[in-house]
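J.: A structural model of the following input is requested.
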Amino acid sequence: MINPAWLRTFCTLVERGHFTRTAEKLHMTQSGVSQHIRKLEEHFDTLLLMREGKQFSLTDAGERLYDEAHQIIANLSDLDSKIREDATFAGVVRIMSPGSIGLKLYPHLLTLQQAFPRLIIDYRFAPNSDVEQALAERKIDFGIMSRRSTLKEVDCQLISSEALLLVTPASLPDPHWQGLLELGFIDHPDGTHHASLLLSQNFTEFQNMNMFEKKGFSNQIGLILEPVSRGLGFTVLPSHAVSAFAKQSLICTSELEKPVKESLYLSLNHKKYVRNRTQTVINEVNNWLENENK
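T.: Next up is the predicted model:
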């Protein structure tokens, strides 16, 4: 292996043209400069310099080495700069969350990106299991989950909560148990979990979700309420997903006797360094949620 310090000394010597000035530039002794050149000549087993008293000229091998070494040193300097760089408002920040919170949060983060165009928001919608797996594999910078992670690599901090809402077609504005049974259930990736939480607290008849005929399924957060709006079934969704649906006049949300809220957790890989740009976005998320909850 060639020591990069030898290459840096060699390039500086070629550019300065003098051993003394090279030593001064690199804060070395002249003998130290000579030693680095000798190490390179021993490594390549060829002369790099033709010494003429206090002057020197490059051999063919020396010229070829300078051309290559000059680029290597430039690349190393660029690498050093990139590794040390930790900008607050520049770079890519990768985020994942379930769709409901994402529908509200993503446009807000795009406003942040408009204010700081070099800050790139990479936002993916995914169920909790995918979010925690991406965190464990360090594929994202942070995630928002609606449950605590079960993986040891992932730390979760409670940051907010979101109401779960029973959503029916507008034709059933005051849902009762028999009406829900007759209507059937529109499922989604977290549908069984959400519906079980809410229905078990508000209907004594509820035992499990197998009691309802499944009338449809969608994994696209913006489309889950489409079959509900057409009278094909009911579902249970977090409030952010419900409020984002465009056809509000075709659906109905009911205030049940016992409201149920789903917790939201800011989730990080505890072994992954939190960069300044990531902290910028996390701060913005916390500020937005704080204002939402006022």
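
J.: burial count for the residue lying closest to residue 66 once chain neighbours are set aside?
T.: Excluding its sequence neighbours, the residue lying closest to residue 66 (CB to CB, 6 or more residues apart in numbering) is residue 14, at 5.1 Å. C-beta: built from backbone N, CA, C; applies to glycine. Neighbours of residue 14 under the rule other CB atoms under 10 Å: 19.

J.: so where's the longest strand in this structure?
T.: strand 154-169 (DSSP state E).

J.: just checking, what packs against the strand or helix carrying residue 95?
T.: Mapping residue 95 onto the secondary structure by DSSP states H and E places it in strand 91-97. Using 3 or more CB pairs under 8 Å, 6 or more residues apart in numbering; DSSP states H and E as the contact test, the elements touching strand 91-97 are strand 119-125, helix 128-136, strand 142-145, helix 276-292.

J.: mind listing what's buried in stretch 126-139?
T.: For stretch 126-139, the neighbour count (16 or more other CB atoms under 10 Å) marks 126-128, 130-135 as buried.

J.: and stretch 270-287, by the same measure?
T.: Applying a neighbour-count criterion of 16+ other CB under 10 Å, one finds 275, 277-278, 280-282, 284-285 buried in stretch 270-287.

J.: which residues does that stretch contact?
T.: Contacts to stretch 270-287, defined as CB atoms under 8 Å, 6 or more residues apart in numbering, come from residues 86-91, 93, 95, 105, 108-109, 112, 119, 121, 138, 141-142, 144, 153-155, 159, 266, 268.

J.: and the residue lying closest to residue 218 once chain neighbours are set aside, how far is that from residue 232?
T.: In space, and not counting its chain neighbours, residue 218 is closest to residue 224: 4.9 Å by CB to CB, 6+ apart. Distance check for residue 224 against residue 232: by CB to CB, to the nearest Å, it reads 12 Å.

J.: same thing with residue 102?
T.: 25 Å.

J.: can you pull out the low-pLDDT segments for the stretch 101-250 of the chain?
T.: Along the stretch 101-250 of the chain, no part satisfies pLDDT under 70.

J.: how about the strands in it?
T.: Secondary structure of the stretch 101-250 of the chain (DSSP state E, counting those that start in this stretch): strands at 119-125, 142-145, 154-169, 185-187, 214-217, 235-238.

J.: please identify the buried residues of the longest one?
T.: To tie it back to what came earlier, the one meant is strand 154-169. If you call a residue buried by 16+ other CB under 10 Å, then strand 154-169 has these buried ones: 154-156, 159-169.

J.: residues in contact with the longest helix belonging to the chain?
T.: Using DSSP state H, we find that the single longest helix of the chain is helix 60-84. Helix 60-84 has contacts (CB under 8 Å, 6+ apart) with 4, 7-8, 10-11, 14, 40, 44, 46-49, 58.

J.: list the buried ones in it?
T.: For helix 60-84, by 16+ other CB under 10 Å, it's 61-62, 65-66, 69, 73.

J.: export these to CSV and tack on distance to residue 25 and pLDDT?
T.: Output for the buried residues of helix 60-84, formatted as CSV (distance: CB to CB, whole Å; pLDDT from 0 to 100):
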residue, distance to residue 25, pLDDT
61, 23, 94
62, 19, 92
65, 19, 94
66, 16, 93
69, 16, 91
73, 13, 85
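
J.: just flag the most distant two among the residues you listed.
T.: Farthest apart among the buried residues of helix 60-84 by CB to CB are 61 and 73. That separation is 17.7 Å.

J.: does the residue nearest to the spatial centre of the chain have beta-bridge partners, and which?
T.: For the chain, residue 94 is the residue whose C-alpha lies nearest the centre (CA atoms, centre = their mean; 2.0 Å). Residue 94 forms beta bridges with residue 122, as assigned by DSSP bridges.

J.: sorry, back to before: right, and the helices and strands packed on strand 91-97 - which one's nearest residue 24?
T.: Judged by CB to CB, the one of the helices and strands packed on strand 91-97 that comes nearest to residue 24 is helix 276-292, at 36.8 Å.

J.: can you pull the contacts of residue 44?
T.: 61, 65.
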